[in-house]
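# The following comprises the amino acid sequence and a computationally predicted model.
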There are 2 protein chains.
Amino acid sequence: MMEAPTPIARGTLYLVPATLDFGVANPTPLQDVLPAHTLQIAAGLSHWVCENAKSTRAFLKRVHEFYPLAVALQEQQMAELPHKVHKKGDHTGDFDASGLLSAALHGHDIGLISEAGMPAVADPGSSVVRAAHALGLKVVPLVGPVSLLLALAASGLNGQNFAFVGYLPQDAAQRSQRIRELESLALKTGQTQLFIETPYRNAAMLEALLQALKPSTRLSISSGLTLSNAQVRSDPASAWKQRAKPLDKHTPAVFAIGA
Amino acid sequence: MMEAPTPIARGTLYLVPATLDFGVANPTPLQDVLPAHTLQIAAGLSHWVCENAKSTRAFLKRVHEFYPLAVALQEQQMAELPHKVHKKGDHTGDFDASGLLSAALHGHDIGLISEAGMPAVADPGSSVVRAAHALGLKVVPLVGPVSLLLALAASGLNGQNFAFVGYLPQDAAQRSQRIRELESLALKTGQTQLFIETPYRNAAMLEALLQALKPSTRLSISSGLTLSNAQVRSDPASAWKQRAKPLDKHTPAVFAIGA
């Protein structure tokens, strides 16, 4: 009688946060924003699902300075999320990411990583997490920096009821309408409304906010959090108008409005 | 002629995240969830605003094992947030926390810390942050674990548009109505809805969710994230009904519903 083959234990999907210094001049020391455990897990992985293999390799090179990689950089297996997923987001359910996780069926742990911060939060990756659950993989989120949450805590706005709504429309009229909609929601329900903008449009966003917001509405802008040029300001719109300072067009910012 | 006194530089308010093991049996090793920089800053502080001085001292005792405290435990200055702020939250603006920050006017840096996770996020503290901004203090959020965000990433639900709404009503009828309201919002707008519950009511919450949700609505429950008994499950409500497993009544959980 033949023995039944021992089933291979499936790998785990680790959600690996990255530093928030993507595209900025001075990189953040990894130990400033990543716990030792996150660095150790990252160093031990050999299979990745990522937005961009090149920046994932650059990240792993930095990790290697703390904990030697278990598998050499050039032998790391990297599957990139398709570009349509980057652009349109992957939460609508029409992209099946299970093919990217096949190594886990052969027992390999896999790391999911995005260009900055936590994968699948204000970034692509949720399709991969959904596929992992569908395949019965264990999903383990690791601790690291999340710009939204750092910005929320630093804003002094209501952190017991808040929403993140992504990007606002680019068209000026639509953007102003959306700002007033979010302000009205924040004032009526007390729910802080957070959103982001591409850095080179930071100044235009601030101008639009100061034009649209009521004087007493509180506006908080955090930029460059965890970077050497980090700044947080939280004031009523009226105070912003009196003492406006242009926003840096190269530094990522998080905007929050509330009562 | 007398020389003008040199003005004292104001202290910084650091937002210091705590581990997520408050009240659970097995403490999380600090290096699992806190970057070295967070531990170093915490070790260097001597003035705190906290929910509870006793648990802040217990936290600092653990920090001391990594980095020696700059000031002995018994000489640390601790100001507790008043109890009404714990209970009702402090985002309504009727509590003036500036008195708690007077040490910063004398040049001392101050740490704001809550019982678990990030202060001022799903926890009291925002009044202190608002007061710091009003006093012109620098506010620096440090990186650490935030259960909501770990749960969102691990859910596979939409992380590009989400809301955290705190606790749901305790009354059964009101709770069911609120669940249906949140479900309807999630399905209509695509905005993931996150909420929390006191651990001993986890089971009742799950039962209420399974009764109220449509079969195809996706429900994710993460419990004990960063703890040794961490669990994440994300499934349509119909699958939860077929294979329900009771939730631990001692472990903090985060609930999320989405499309």
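Arrived safely.
# How about the contacts made by residue A:222?
Contact partners of residue A:222, counting by Cβ atoms under 8 Å, 6 or more residues apart in numbering or on different chains, are A:147, A:150, A:151, A:154, A:155, A:230, A:231, A:232, A:233, A:253, A:254, A:256. C-beta coordinates here come from the backbone N, C-alpha and C atoms, glycine included.
# Provide a list of residues in contact with the nearest residue to it once chain neighbours are set aside.
In space, residue A:222 comes closest to residue A:151 once its chain neighbours are excluded; the distance is 3.8 Å by Cβ to Cβ, 6 or more residues apart in numbering or on different chains. Taking Cβ under 8 Å, 6+ apart as the criterion, residue A:151 is in contact with A:194, A:220, A:222, A:225, A:232, A:254, A:256, B:141.
# circling back to that earlier point, reformat the contacts of residue A:222 as TSV; add secondary structure and pLDDT.
Putting these into TSV (DSSP: H, G, I helix; E, B strand; the rest coil; pLDDT from 0 to 100) gives the following:
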residue	secondary structure	pLDDT
A:147	helix	96
A:150	helix	98
A:151	helix	98
A:154	helix	98
A:155	helix	98
A:230	coil	94
A:231	strand	94
A:232	strand	96
A:233	strand	96
A:253	strand	95
A:254	strand	97
A:256	strand	98
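# Which one of these sits in the busiest neighbourhood?
residue A:155 (32 neighbours; other Cβ atoms under 10 Å in any protein chain shown).
# my guess is it contacts residue B:121, does it?
No. Contact criterion Cβ atoms under 8 Å: residue A:155 and residue B:121 do not qualify, at 10.1 Å.
# Just confirm residue A:214 is within a strand.
No. Counting by DSSP: H, G, I helix; E, B strand; the rest coil, residue A:214 is not found in a strand; it is coil.
# for chain B, what are the nearby residues on the stretch 151-259 of chain A?
Counting by Cβ under 8 Å from any Cβ of the partner chain, the positions of the stretch 151-259 of chain A adjacent to chain B are A:151-166, A:190-191, A:225-226, A:230, A:232-235, A:259.
# Restricted to helices, list those residues.
Secondary structure from DSSP state H places A:151, A:152, A:153, A:154, A:155 of those in helices.
# how about these in CSV, adding distance to residue B:171?
Below are these laid out as CSV (distance: Cβ to Cβ, whole Å):
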residue, distance to residue B:171
A:151, 34
A:152, 29
A:153, 31
A:154, 35
A:155, 32
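# next helix or strand past the helix or strand of chain A with the lowest mean pLDDT?
Least confident helix or strand, chain A: helix A:83-88 with a mean of 69, by mean pLDDT, DSSP states H and E. Later in the chain than helix A:83-88, the nearest helix or strand by DSSP states H and E is helix A:102-105.
# which stretches of chain A aren't confidently modelled?
A:1-3, A:5, A:86-89, A:91, A:93 (pLDDT under 70).
# Please parse it into its domains.
A:12-141, A:147-258 (automatic domain parsing).
# so, in contact with chain B or not, the first one?
What it means is domain A:12-141. Yes. Using Cβ under 8 Å from any Cβ, domain A:12-141 reaches chain B at A:15, A:29, A:31-37, A:89, A:91-93, A:118-123, A:125-127, A:129-133, A:138-141.
# Need the distance between the two termini of that domain.
In domain A:12-141, first residue to last residue: 10 Å (Cα to Cα, to the nearest Å).
# chain center to it: distance?
On the basis of Cα atoms, centre = their mean, to the nearest Å, domain A:12-141 sits 12 Å off its chain's mean C-alpha point.
# Next: stretch A:176-191.
Relative to the centre of its chain, stretch A:176-191 is centred 23 Å away, using Cα atoms, centre = their mean.
# Could you list the residues in contact with it?
By Cβ under 8 Å, 6+ apart, stretch A:176-191 touches A:158, A:161-163, A:165, A:168-169, A:192-193, A:195, A:208-209, A:211-214, A:217, A:257-259, B:91-92, B:163, B:165.
# Which ones among these map onto strands?
With DSSP state E as the criterion, strands contain A:162, A:163, A:165, A:192, A:193, A:195, A:257, A:258, B:163, B:165 from among the contacts of stretch A:176-191.
# Compile those residues into a markdown table and extend it with columns for distance to residue B:69 and neighbour count.
As requested, the ones in strands among the contacts of stretch A:176-191 are exported to a markdown table (distance: Cβ to Cβ, whole Å; neighbours: other Cβ atoms under 10 Å in any protein chain shown):
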| residue | distance to residue B:69 | neighbour count |
| --- | --- | --- |
| A:162 | 33 | 29 |
| A:163 | 38 | 23 |
| A:165 | 41 | 19 |
| A:192 | 34 | 29 |
| A:193 | 39 | 23 |
| A:195 | 39 | 22 |
| A:257 | 39 | 25 |
| A:258 | 35 | 27 |
| B:163 | 39 | 23 |
| B:165 | 38 | 19 |
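# and of those, the nearest to residue B:202?
Closest approach between those and residue B:202, by Cβ to Cβ: residue B:165, at 16.9 Å.
# quick one: the closest one from residue B:194, how far?
7 Å (Cβ to Cβ, to the nearest Å).
# Same check on residue A:96?
25 Å.
# Between those two, which has more neighbouring residues?
residue B:194 (27 against 11).
# what sits against that one?
Contacts for residue B:194 (Cβ under 8 Å, 6+ apart) come out as B:148, B:151, B:152, B:162, B:163, B:164, B:165, B:254, B:255, B:256.
# hang on, isn't the last one packed against residue B:217?
Put plainly, it is residue B:256. No. Distance between residue B:256 and residue B:217: 10.8 Å, which falls outside the contact criterion (Cβ under 8 Å).
# list the contacts for residue A:56?
Contacts of residue A:56 (Cβ under 8 Å, 6+ apart): A:48, A:50, A:76, A:78, A:113.
# ok, the residues you listed vs chain B, which is closest?
residue A:113 (11.5 Å; Cβ to the nearest Cβ).
# Apart from its neighbours in sequence, what residue is nearest that closest one?
residue A:16 (4.6 Å).
# who's in contact with the one you found?
Taking Cβ under 8 Å, 6+ apart as the test, what residue A:16 contacts is A:38, A:41, A:42, A:45, A:111, A:112, A:113, A:119, A:142, A:144.
# Mind checking which of these are in strands?
Counting by DSSP E, the contacts of residue A:16 contribute A:111, A:112, A:113 to strands.
# For the helix or strand encompassing residue A:31, name the packing helices and strands.
Element membership for residue A:31 (DSSP H and E) is helix A:30-33. When contacts are defined as 3 or more Cβ pairs under 8 Å, 6 or more residues apart in numbering or on different chains; DSSP states H and E, helix A:30-33 packs onto helix B:36-44.
# follow-up on the earlier one: let's have the ones in strands among the contacts of residue A:16 in JSON lines, adding neighbour count and distance to residue B:55.
Formatted as JSON lines, these follow (neighbours: other Cβ atoms under 10 Å in any protein chain shown; distance: Cβ to Cβ, whole Å):
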{"residue": "A:111", "neighbour count": "24", "distance to residue B:55": "33"}
{"residue": "A:112", "neighbour count": "29", "distance to residue B:55": "34"}
{"residue": "A:113", "neighbour count": "27", "distance to residue B:55": "34"}
